[in-house]
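Q: Just to be clear, the model below is a prediction. Sequence and coordinates:
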Amino acid sequence: MNRNMPSKTSLNIPRILAVFFLFMVSGTGVFAQNRDSIPESAVNPDKALKRIHIRQITKNGFNFWQDDFSGHWAGVDFGLNMLLNPDYTGYASQFMEIDELRSNSAYFNVLQQSIGLQRNRNKIGLVTGLGLHLQSYRLNDNTTIVRDENSVIQPETLVAYDNQKSKLALISFMVPVLLEFQVPVNHYDNRIYFSAGAYGEVKLNSHTKVKYKIDQKEKLKVVDHFSLRDFRYGLMVRTGYRSVNFFATYDLVPLFRDERGPELTPFTVGITLIRF
């Protein structure tokens, strides 16, 4: 009689199959429910992009030129000096007439600070810095200048020697403040620029020098303030494109102090030799 009873193993197989079937059905429903619960915006690009706030991305502004504003000041400039608007009232001769081709200025503009004025561009800005200005005025070969007991400048005639040369030289610190405009050409690195503004100069040293030759070359150097202004200021313009750059400066005060010498206005025009 025991032989006719089914074994426990044969009775459990249908149950196992039934449980496995129910598990698969319920699992499919769970996965389907999870898939249906994914936010629509995650699979819809248009709705996802609407959630991005453009103002947050652009709050610092787009920089379409890929870099900051950079002005044109640092470098080495060379120019020719002139003395304009001469007034020799009280003098018998125009002793400060100069050889303009041999009267020159050298500028060593070693420090530069550029300040952009635009939020989304870098074409307009302020430029300042610090430079060393070496100024030379070639006088008549037979004339130099001296300062009398009243600190008034007087001409002094020299004995002419072969190859005699006379000049007045100044060394000053210069600080400009320029407003610069730039126009990109073909590529943002290639720009035509124009800048204009003011500058101030503080005189560090001044001297006269006379070179002559008797049996050998000699020179006579006199260091003095020569009633020159310790502080001068004026206007400057600069323009250029790539390696071709020009500048001009015009002092708004005379070279000598009031009533201490002839009234002469320094003016310089020149080019940039090297850009830093």
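A: Sure, I can see it.
Q: Just list the residues touching Thr268, thanks.
A: Thr268 makes contact with 79-82, 105, 248-249 under the criterion CB atoms under 8 Å, 6 or more residues apart in numbering. Where C-beta positions appear, they are placed from N, C-alpha and C, glycine not excepted.
Q: go on, Thr144?
A: Contacts of Thr144 (CB under 8 Å, 6+ apart): 155-156, 158, 166, 208, 210, 222.
Q: could you measure it against Val185, distance?
A: When distance is defined by CB to CB, to the nearest Å, Thr144 is 49 Å away from Val185.
Q: Then Gly129?
A: Taken as CB to CB, the span from Gly129 to Val185 is 25 Å.
Q: Make JSON lines from the contacts of Thr144 and add pLDDT and secondary structure to it.
A: Shown next, in JSON lines, are the contacts of Thr144 (pLDDT from 0 to 100; DSSP: H, G, I helix; E, B strand; the rest coil):
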{"residue": "Pro155", "pLDDT": "96", "secondary structure": "strand"}
{"residue": "Glu156", "pLDDT": "95", "secondary structure": "strand"}
{"residue": "Leu158", "pLDDT": "88", "secondary structure": "coil"}
{"residue": "Ser166", "pLDDT": "95", "secondary structure": "strand"}
{"residue": "Thr208", "pLDDT": "97", "secondary structure": "strand"}
{"residue": "Val210", "pLDDT": "94", "secondary structure": "strand"}
{"residue": "Val222", "pLDDT": "96", "secondary structure": "strand"}
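Q: Looking at those residues, which is nearest Arg229?
A: Thr208 (16.6 Å; CB to CB).
Q: Throw the contacts of Thr144 into TSV and include neighbour count and distance to Val244, thanks.
A: As requested, the contacts of Thr144 are arranged in TSV below (neighbours: other CB atoms under 10 Å; distance: CB to CB, whole Å):
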residue	neighbour count	distance to Val244
Pro155	19	40
Glu156	13	42
Leu158	17	41
Ser166	21	34
Thr208	20	36
Val210	21	37
Val222	14	40
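Q: elements contacting the strand or helix carrying Ser136?
A: Per DSSP states H and E: Ser136 is located in strand 124-138. Using 3 or more CB pairs under 8 Å, 6 or more residues apart in numbering; DSSP states H and E, the elements in contact with strand 124-138 are strand 75-87, strand 104-116, strand 162-185, strand 187-213.
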